[in-house]
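Trainee: I'd like to go over a predicted model; first the sequence, then the structure.
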Amino acid sequence: AQTVTQSQPEMSVQEAETVTLSCTYDTSESDYYLFWYKQPPSRQMILVIRQEAYKQQNATENRFSVNFQKAAKSFSLKISDSQLGDAAMYFCAYGGSQGNLIFGKGTKLSVKP
Amino acid sequence: DTGVSQNPRHKITKRGQNVTFRCDPISEHNRLYWYRQTLGQGPEFLTYFQNEAQLEKSRLLSDRFSAERPKGSFSTLEIQRTEQGDSAMYLCASSSPGTSGFPTQYFGPGTRLTVL
């Protein structure tokens, strides 16, 4: 069975600084996808970024980028130039052959002005 | 796209009562998913549909839970004889058939269930 682990329950960053959220996963599948979702307080979950496992190039979306280390089964999210609106729960998720997402427990990110 | 919508947004019920939630996916999305999220945890998969066919069910979906998507559009999730352990946020997501590989899932705002 696939698992997703987020070892940082909470993280804090100063506005305009950079922060990295960690995620590791376990799978025996060779074809899979990885995602970071953001869930602001009392608001719905939105997709931040996705990575196809067959692609060696790390995905980027504006201020968000990932460090995908397939051999190490690591998938971290880097947020550059942090903004107050980045404060939220961040979930790492795995998508494989079964079609559903498997989520980690999340990391609560606080942004200090 | 108007996004995934869920109703009601909040539901308070007494233990033993039945509840039903509705999810309307993004138009033309053929896959619809249900997840449950308890406090401090990530969402956990319950079930998903491709059109009207229910393709996967989690072991979390006990016989008190039933989901339907009768015409391949909206879906309902019913919980019979609710228990306090059913208190959670119930999330619905949908995905498009046009995406290659693993389609991105778009989430609704959720229905928060409180069982007294």
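Mentor: Good, I have the coordinates. Residues are numbered from 1 along each chain as shown, chains lettered A, B, ... in the order given.
Trainee: which residue does chain A have closest to chain B?
Mentor: Closest to chain B within chain A is residue A:103: 3.2 Å, counting by Cβ to the nearest Cβ. Where you see a C-beta, it was placed from the backbone N, CA and C, and this is true even at glycine.
Trainee: where's the closest residue to that residue other than its chain neighbours, which helix or strand?
Mentor: Using Cβ to Cβ, 6 or more residues apart in numbering or on different chains and skipping residues adjacent in sequence, the residue nearest residue A:103 is residue B:42, 3.2 Å away. Assessed by DSSP states H and E, residue B:42 sits outside every helix and strand.
Trainee: for residue B:42, what are phi and psi?
Mentor: Main-chain torsions, residue B:42, degrees, to the nearest 10: phi -80, psi 160.
Trainee: repeat for residue B:85
Mentor: According to degrees, to the nearest 10, residue B:85 has phi -70, psi -10.
Trainee: what about it, distance to residue B:38?
Mentor: 9 Å (Cβ to Cβ, to the nearest Å).
Trainee: which one's more surrounded, those two?
Mentor: residue B:38 (13 against 9; other Cβ atoms under 10 Å in any protein chain shown).
Trainee: my read: the residue of chain A closest to chain B touches residue B:44, true?
Mentor: Yes. Between residue A:103 and residue B:44 there is a contact at 7.4 Å, judged by Cβ atoms under 8 Å.
Trainee: give me the more crowded residue out of these two.
Mentor: residue A:103 (22 against 17).
Trainee: residue of chain B nearest chain A, please.
Mentor: For chain B, Cβ to the nearest Cβ, closest residue to chain A: residue B:42, 3.2 Å.
Trainee: quick one: contacts for that residue?
Mentor: A:4, A:91, A:93, A:103-106 (Cβ atoms under 8 Å, 6 or more residues apart in numbering or on different chains).
Trainee: over to residue B:40?
Mentor: A:105-106.
Trainee: that one and residue B:108, how far apart?
Mentor: Residue B:40 sits at a distance of 21 Å from residue B:108 (criterion: Cβ to Cβ).
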